[in-house]
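Participant: have a look at this prediction, sequence included:
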Amino acid sequence: MTRRTILLHPDPRLKAKADPIGSVDTELRRLADDMLETMYDAPGIGLAAPQVGILQRMLVMDCVKEEDAAPQPMVLINPEILEVSEERSVYDEGCLSIPDQYAEVERPAEVTVQWMDLDGKTQKERFDGLWATCVQHEIDHLDGKLFIDYLKPLKRQMITRKMQKLKRERAREAK
Ligand code: NI
């Protein structure tokens, strides 16, 4: 497994719509492994392929938070939201592509999602709690949408400016 570089906002690849995946092959399985490794290493609870520069509709997540609980890695290919609850919930979201920035985002509290797994089989599950927030956040990435797109323009611009500064600093350090 190889840890991949996570793209930082602003980046045109984070604003692009990712392409549907036709079938599961060795390369896709490797990408899923790499994405899980990259996510756990960050550490984070979700990562979408566009965040590592691959414009394909795949995401990984593991929202198990308890230290002693068994990990529950999930790989979702071509995920689609079939149903959302009327009930909504607010969560203080962050993103591996926008490090150290958090803001409250309101979304449906529960969602039913259908996807293809790494065996090419169709799966369907209803998510709630942190899993529901996470899966919606990651599916947004596949459509070029970031959590800051839900914020008021002023707040969004403030975060984007901080990120531009961070990217300049990192580019200087890399020289
Ligand atoms: Ni994110």
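Facilitator: Cool, the structure landed. Numbering: from 1, shown residues only.

Participant: mind listing the strands for this protein?
Facilitator: 46-48, 58-61, 74-84, 88-95, 98-108, 111-116, 122-127 (DSSP state E).

Participant: let's have those strands in a markdown table, adding mean neighbour count.
Facilitator: The C-beta positions use only the backbone N, C-alpha and C, and glycine is treated the same way. As requested, the strands of the chain are exported to a markdown table (neighbours: other CB atoms under 10 Å):
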| stretch | mean neighbour count |
| --- | --- |
| strand 46-48 | 28 |
| strand 58-61 | 26 |
| strand 74-84 | 17 |
| strand 88-95 | 16 |
| strand 98-108 | 16 |
| strand 111-116 | 19 |
| strand 122-127 | 14 |
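
Participant: can you say which of those strands is nearest to residue 1?
Facilitator: strand 58-61 (12.1 Å; CB to CB).

Participant: mind giving me the packing neighbours of that closest one?
Facilitator: helix 26-41, strand 46-48, strand 74-84, helix 129-142 (3 or more CB pairs under 8 Å, 6 or more residues apart in numbering; DSSP states H and E).

Participant: who's in contact with residue 119?
Facilitator: residue 24 (CB atoms under 8 Å, 6 or more residues apart in numbering).

Participant: now do the same for it: its pLDDT.
Facilitator: Per-residue pLDDT puts residue 119 at 97.

Participant: next: residue 65.
Facilitator: Confidence score, pLDDT, at residue 65: 84.

Participant: what distance do you get for it to residue 162?
Facilitator: The gap separating residue 65 from residue 162 is 27 Å, by CB to CB, to the nearest Å.

Participant: now do residue 23
Facilitator: From residue 23 over to residue 162 (counting by CB to CB), the distance is 40 Å.

Participant: residue contacts, residue 105?
Facilitator: So residue 105 contacts 90, 91, 93, 133, 137, 147, 150, 151 (CB under 8 Å, 6+ apart).

Participant: how about it: which residues does it bridge to?
Facilitator: Residue 105 forms beta bridges with residue 91, as assigned by DSSP bridges.

Participant: quick one: residue 75 and residue 117 touch, right?
Facilitator: Yes. If you go by CB atoms under 8 Å, residue 75 and residue 117 touch, sitting 6.7 Å apart.
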